[in-house]
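A.B. asks: With the input below, show me the fold.
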Amino acid sequence: KLKTAKQHGYRRLQSALERLRDSGSERQLAQVEQDSLSRLNGLETRFPNLAEVITHFRRHLSLCLLSDQHVLRMDPLLLVGGAGLGKTKLVQEIAKALAVEFYLISCASTTAGFTLSGLDAGWAEGRPGRIFEALCTGRTANPLVLLDEIDKMRGDVRYDAYGPLYTLLEPTTAKRFIDECLTLELDCSHIVWIATANNAEVIPDPILSRVKRMDVRPPTREEMHAIAQSVYRDLRDSEPWSMSFEEDLSDDVLGELVALPPRLLRRALLDAAAAAAERCSACPGRALTIGPDDVRRVLPRSRSRVMGFTAPVERAA
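C.D. replies: Below is the predicted model of the structure:
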């Protein structure tokens, strides 16, 4: 059985080398286009509590445009804030706006460094790491890689899950990063690294020293109104039935939604729309309106248990 397992490991190694041979060993560098800054327009409305992060991107993209080749380049960035504040979603939207290759690595399921750096093919589970896979399957040498929930990496002294990042987050050493399965040097110095975390206190100091930290605050009540309206409009644009509803939410409905974290808004609005559709099923042909009672029916029973946002807002008497 051990021999068979090792054979599988060597087959995975052979497959990876064949893919590398077929795709070639060189990659282009993604460029920042002249209209890249304008593509970020509107993100402040959707993510008002992350406006500082968006400004950070604008400034560094402006720097990229000053270079001859307009190559996309940024130092590693760490976004720290409670769960459900929109950190991951914003990074995804920025990658989409810039039309760059994007890879999400869920660190909560990363229990050892070889998930990133590969495991020797001599082991039964030997295979290339996620970093090789991103560069091998992609077209560019500077994709945007999101290390989601980097504070949830787990491991022990033998398999330090953070280990590869000490090399990867330093441009000088990242030029000669070695995948343990392939024993090949990879130039990872162009990768754009973004990480998110709920609690930076548990992240090792050597990692914190390699990234720029930006703290993300919860949205204010007024900002939550704007976020909820934006999420609702996105819902109307994406669902075939949603054009049957009014274009905007009322202030009363927005008041019911302010206690929710942004990540739960779409789900709550979808459920509230379903409740409104059921309530108005007897009057077809009329524009439907989501009402406060529709929202109350679908909200969690105890809003105080919702994570990642401020305490519930008390209603006026």
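A.B. asks: Tell me which stretches of the stretch 101-250 of the chain form helices.
C.D. replies: Assigned by DSSP state H, counting those that start in this stretch, the helices in the stretch 101-250 of the chain fall at 114-117, 130-137, 163-168, 171-174, 205-208, 221-238.
A.B. asks: winner for burial among those helices?
C.D. replies: Comparing those by mean neighbour count (mean count of other Cβ atoms under 10 Å), helix 114-117 comes out on top with a mean of 24. C-beta: built from backbone N, CA, C; applies to glycine.
A.B. asks: So for stretch 64-75, what gets flagged as buried?
C.D. replies: Neighbour-count burial for stretch 64-75, counted by 16 or more other Cβ atoms under 10 Å, picks out C64, H70, L72, R73, M74.
A.B. asks: what about this structure, any weak spots by pLDDT?
C.D. replies: Filtered on pLDDT under 70, the chain yields the residue ranges 1-25, 110-114, 118-128, 155-159, 181-182, 282-285, 300-317.
A.B. asks: Let's verify the spatially most central residue of the chain: helix, strand, or coil?
C.D. replies: Centroid-nearest residue in the chain, with Cα atoms, centre = their mean: T88, separated by 3.0 Å. Taking DSSP: H, G, I helix; E, B strand; the rest coil as the rule, one finds T88 in the helix state.
A.B. asks: list the contacts for it?
C.D. replies: T88 sits next to L104, L146, D148, T196 when contact means Cβ atoms under 8 Å, 6 or more residues apart in numbering.
A.B. asks: Strands along the stretch 1-150 of the chain, start to end?
C.D. replies: 77-80, 102-106, 144-148 (DSSP state E, counting those that start in this stretch).
A.B. asks: hang on, the earlier thing: would TSV of the buried residues of stretch 64-75 with distance to A268 be doable?
C.D. replies: Output for the buried residues of stretch 64-75, formatted as TSV (distance: Cβ to Cβ, whole Å):
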residue	distance to A268
C64	38
H70	41
L72	36
R73	39
M74	34
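A.B. asks: Pull the most distant pair out of these.
C.D. replies: Greatest spacing in the buried residues of stretch 64-75, by Cβ to Cβ: H70 and M74 (13.2 Å).
A.B. asks: Just put the helices of the stretch 101-250 of the chain in CSV and tack on distance to R46.
C.D. replies: Shown next, in CSV, are the helices of the stretch 101-250 of the chain (distance: least, Cβ to Cβ, whole Å):
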stretch, distance to R46
helix 114-117, 31
helix 130-137, 27
helix 163-168, 30
helix 171-174, 32
helix 205-208, 29
helix 221-238, 5
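A.B. asks: wait, isn't A273 in contact with V231?
C.D. replies: No - the pair A273 / V231 is not scored as a contact, 11.8 Å apart, by Cβ atoms under 8 Å.
A.B. asks: didn't L98 look like it was pressed against V32?
C.D. replies: Yes - counting by Cβ under 8 Å, L98 does reach V32; the two are 7.2 Å apart.
A.B. asks: Show me whatever sits in contact with both of those two.
C.D. replies: By Cβ under 8 Å, 6+ apart, L98 and V32 have these common neighbours: L61, L72.
A.B. asks: Can you measure across stretch 61-70, start residue to end residue?
C.D. replies: Using Cα to Cα, to the nearest Å, the end-to-end distance of stretch 61-70 comes to 9 Å.
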